[in-house]
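J.: Attaching a predicted model along with its sequence, questions to come.
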Number of protein chains: 2
Amino acid sequence: MDGPVLPLGPPRAERADAARNRVVLLAAARELLAEQGAGKVTMDGLAERASLGKGTVFRRFGTRAGIFLALLDEDERVFQERVLSGPPPLGPGAGPVERLVAYGRARCCFLVEHQEVARAALDGRAPVPAGDGTLSRMHVRTLLGQVNLAGADVDALALQLTAALEGPLLLYLSTEDAVAADDRIERFARSWQDLVERVCRA
Amino acid sequence: MDGPVLPLGPPRAERADAARNRVVLLAAARELLAEQGAGKVTMDGLAERASLGKGTVFRRFGTRAGIFLALLDEDERVFQERVLSGPPPLGPGAGPVERLVAYGRARCCFLVEHQEVARAALDGRAPVPAGDGTLSRMHVRTLLGQVNLAGADVDALALQLTAALEGPLLLYLSTEDAVAADDRIERFARSWQDLVERVCRA
């Protein structure tokens, strides 16, 4: 047996390597994003900053848009963590209407803060920048289910309210100035609160 | 003066020509769409069917997506005409809540019927298939203004309700099966009615 010695546990070693590269690449991408803005981040620039090969960057992200999708995904997870197990009223421990109001405000902030990254995550295949609203819809659905909404189709209502919350920020605000940038979070958060309270009142 | 005789009123003649070509091209596009589906409609095929030059088709529509955008635009105008001056409750002559309910039902039907064309009208530049919701938002805003909604930010609410109406059909339904295709119009129209009546009740 003169063949090459097989390294012990290559799959596990590879996974650890891949995980390390992922952390290094995302950290490097965040640095470049903060320093230069999304428009200047390139696959080459990212490889250089992370001191990794271009092949590694391409395998990890596929396209330039994939870099931003990965950043968005990481932040979505942190956001969902706050919703699922953070302090109330965003997290558990408050009433459903109060939690819906808090969710809308937090989500508005998240979407506005992530607008640049979400736009850069578009690669022409996806019609919508940030996610597909599935997690938002499931959360809104769960909370609406805890409110006593006699006669409502709670699944359809959850879909519509999620669109009411995310749609203006995803679809409309980037192309119009009906709501000025600096007060849009506050204005939308308030209007969301009004909408939720009207829908949920007995 | 041996030069060529100038035709009388060339600009007017040109405009009439362009208008005629437009009518011919849109009619040909509708024929091809009905016979073969959106996926099979091409610039070349359209030129051949309309018995016009390829250059004429390119000048008129710019891109393949432009064909579908023109079809959608034509249908949007017919739809808006029904809203602005058709019979009530979609047109004028009914109360604002009744008109909002009727508008939502009609708009659901329009968006579902035009889903194939709307998708084909996407050319990678626009993030959203059908329009930007501006006409819907203006109409919803007008009707909400006729309801006595104490304390509401009617502009923001109109933006959110428009997103609630159009968002699920534009963004979500094409990628999920939460609502089966054959009952989605009825289900969304009913849920829209419930939403509007909850928001508008005194």
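T.: Received the coordinates, thanks. Keep in mind it's a predicted model, so treat the numbers as computed, not measured.

J.: now chain A, which segments are flagged as low pLDDT?
T.: Applying pLDDT under 70 to chain A flags residues A:1-14, A:123-132, A:170-182.

J.: For the residue nearest the centre of it, I want the exact helix or strand it lies within.
T.: In chain A, the residue lying closest to the centroid (C-alpha atoms, centre = their mean) is A:Glu76, at 3.5 Å. Using DSSP states H and E, A:Glu76 falls within helix A:64-85.

J.: mind saving the C-alpha coords of that helix as CSV?
T.: Written as CSV, here are the backbone C-alpha positions of helix A:64-85 (Å, rounded to 0.1, in the frame of the first residue of the first chain):
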residue,chain,number,x,y,z
ARG,A,64,-21.8,38.9,-6.8
ALA,A,65,-25.4,39.0,-5.7
GLY,A,66,-24.8,35.9,-3.7
ILE,A,67,-22.5,37.8,-1.4
PHE,A,68,-25.3,40.2,-0.4
LEU,A,69,-27.8,37.4,-0.1
ALA,A,70,-25.5,35.7,2.4
LEU,A,71,-25.2,38.9,4.4
LEU,A,72,-28.9,39.4,4.4
ASP,A,73,-29.5,35.8,5.4
GLU,A,74,-27.2,36.2,8.4
ASP,A,75,-28.9,39.3,9.5
GLU,A,76,-32.4,37.8,9.0
ARG,A,77,-31.4,35.0,11.4
VAL,A,78,-30.3,37.4,14.1
PHE,A,79,-33.6,39.3,13.6
GLN,A,80,-35.7,36.1,13.8
GLU,A,81,-33.8,35.2,17.0
ARG,A,82,-34.9,38.4,18.6
VAL,A,83,-38.5,37.7,17.5
LEU,A,84,-38.6,34.1,18.7
SER,A,85,-36.7,34.4,22.0
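
J.: elements contacting it?
T.: Here helix A:64-85 touches helix A:10-36, helix A:43-50, helix A:54-61, helix A:96-113, helix A:115-120, helix A:134-146, going by 3 or more C-beta pairs under 8 Å, 6 or more residues apart in numbering or on different chains; DSSP states H and E. Where C-beta positions appear, they are placed from N, C-alpha and C, glycine not excepted.

J.: could you give the angle of that helix to helix A:96-113?
T.: Helix A:64-85 and helix A:96-113 are oriented at 160 degrees to each other (axes from the mean of the first three to the mean of the last three C-alpha atoms, to 10 degrees).

J.: on that earlier part again, among the helices and strands packed on helix A:64-85, which is nearest B:Val23?
T.: Across these, B:Val23 has its closest neighbour in helix A:115-120 (38.0 Å, C-beta to C-beta).

J.: ok, and does that closest one reach over to chain B?
T.: No: applying C-beta under 8 Å from any C-beta of the partner chain, one finds helix A:115-120 out of contact with chain B, separated by at least 8.5 Å.

J.: where's that helix relative to the chain centroid, distance-wise?
T.: 10 Å (C-alpha atoms, centre = their mean, to the nearest Å).

J.: got it, and stretch A:84-98?
T.: Counting by C-alpha atoms, centre = their mean, stretch A:84-98 comes out at 19 Å from the chain centroid.

J.: Quickly list the domain ranges of chain A.
T.: For chain A, the structural domains run A:8-62, A:64-200, going by automatic domain parsing.

J.: what about the residue nearest to the centre of chain A, distance to A:Arg107?
T.: Distance, A:Glu76 to A:Arg107, using C-beta to C-beta, to the nearest Å: 11 Å.

J.: Could you do A:Asn21 as well?
T.: For A:Asn21, the distance to A:Arg107 - C-beta to C-beta - is 31 Å.

J.: got it, and A:Arg119?
T.: The value you get for A:Arg119 to A:Arg107, if C-beta to C-beta is used, is 17 Å.

J.: Counting neighbours, go ahead and name the busier of those two.
T.: A:Arg107 (25 against 17; other C-beta atoms under 10 Å in any protein chain shown).

J.: who's in contact with the more buried one?
T.: A:136, A:165-166 (C-beta atoms under 8 Å, 6 or more residues apart in numbering or on different chains).

J.: can you pick the most crowded of these?
T.: A:Leu165 (31 neighbours).

J.: Extract the C-alpha set from stretch A:28-39 and format it as PDB.
T.: Taking Å, rounded to 0.1, in the frame of the first residue of the first chain, the C-alpha atoms of stretch A:28-39 are listed here in PDB:
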ATOM      1  CA  ALA A  28     -14.500  40.700   4.900                       C
ATOM      2  CA  ALA A  29     -17.700  41.500   2.900                       C
ATOM      3  CA  ARG A  30     -19.000  43.600   5.800                       C
ATOM      4  CA  GLU A  31     -15.800  45.500   6.000                       C
ATOM      5  CA  LEU A  32     -15.900  46.300   2.300                       C
ATOM      6  CA  LEU A  33     -19.500  47.200   2.500                       C
ATOM      7  CA  ALA A  34     -19.000  49.600   5.400                       C
ATOM      8  CA  GLU A  35     -15.900  51.200   3.800                       C
ATOM      9  CA  GLN A  36     -16.900  51.400   0.100                       C
ATOM     10  CA  GLY A  37     -20.700  50.800  -0.200                       C
ATOM     11  CA  ALA A  38     -22.400  47.800  -1.900                       C
ATOM     12  CA  GLY A  39     -21.700  49.100  -5.400                       C
END
